[in-house]
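Trainee: Below are the sequence and a predicted model; questions follow.
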Amino acid sequence: MRLLTTPDSDLRLSDALGHMAEALAILDELDAPGEIGSMLDHAIEKLKIAGGQGERSSSNVQLLIEQLDREMSTMPESVTVAPNPWEIQPI
C-alpha cells in the first residue's frame, strides 16, 4: 500500500513519524515491555514504506545512532556480576 502524498501531507507525515519516534524513545526510557516498543517500531517502518521513504533511508541510520547513543549514555558506570556458583576457583 502506498500513500498518496502532497507537499502538505508529506510534512504532516514527517511530523507523525517524529512523534512516533519520540514516543518510542519515551517507552525505552521507561523500560516499557519490549513488545510494545517493537510494535511501535514496526508501525513506524510500515508508515515510512507507505509514505515512500523506504526502510533503508539515511534517517533510519541516524535514528539507530541516536538510539545507540541514548542506550550507551544510560548504562551504569560499573556493572556488578554475581559470581558463578559452578565456576571452579583457583587454589
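Mentor: Nice, I can see it. Numbering: from 1, shown residues only.
Trainee: Name the next helix or strand following the lengthiest helix in the chain along the chain.
Mentor: If you go by DSSP state H, the chain has its longest helix at helix 7-29. Counting by DSSP states H and E, the next helix or strand C-terminal to helix 7-29 is helix 34-50.
Trainee: Compute the inter-axis angle for that following helix and helix 7-29.
Mentor: 160 degrees (axes from the mean of the first three to the mean of the last three Cα atoms, to 10 degrees).
Trainee: Show me what helix 34-50 is packed against.
Mentor: helix 7-29 (3 or more Cβ pairs under 8 Å, 6 or more residues apart in numbering; DSSP states H and E). Just so you know, the C-beta spots here come from the backbone N, C-alpha and C atoms, and that holds for glycine as well.
Trainee: Okay, buried residues for the helix it packs on please.
Mentor: 13, 17, 20-21, 24, 27-28 (16 or more other Cβ atoms under 10 Å).
Trainee: Now do it: distance to the chain's middle.
Mentor: Centroid separation for helix 7-29 versus its chain: 12 Å, with Cα atoms, centre = their mean, to the nearest Å.
Trainee: And it, what does it pack against?
Mentor: Looks like helix 7-29 contacts helix 34-50, helix 58-73 (3+ Cβ pairs under 8 Å, 6+ apart).
Trainee: let's go with 7 Å and repeat that
Mentor: In terms of contacts (3 or more Cβ pairs under 7 Å, 6 or more residues apart in numbering; DSSP states H and E), helix 7-29 is packed against helix 34-50.
Trainee: pLDDT on the helix it packs on, on average?
Mentor: In this model, helix 34-50 has an average pLDDT of 89.
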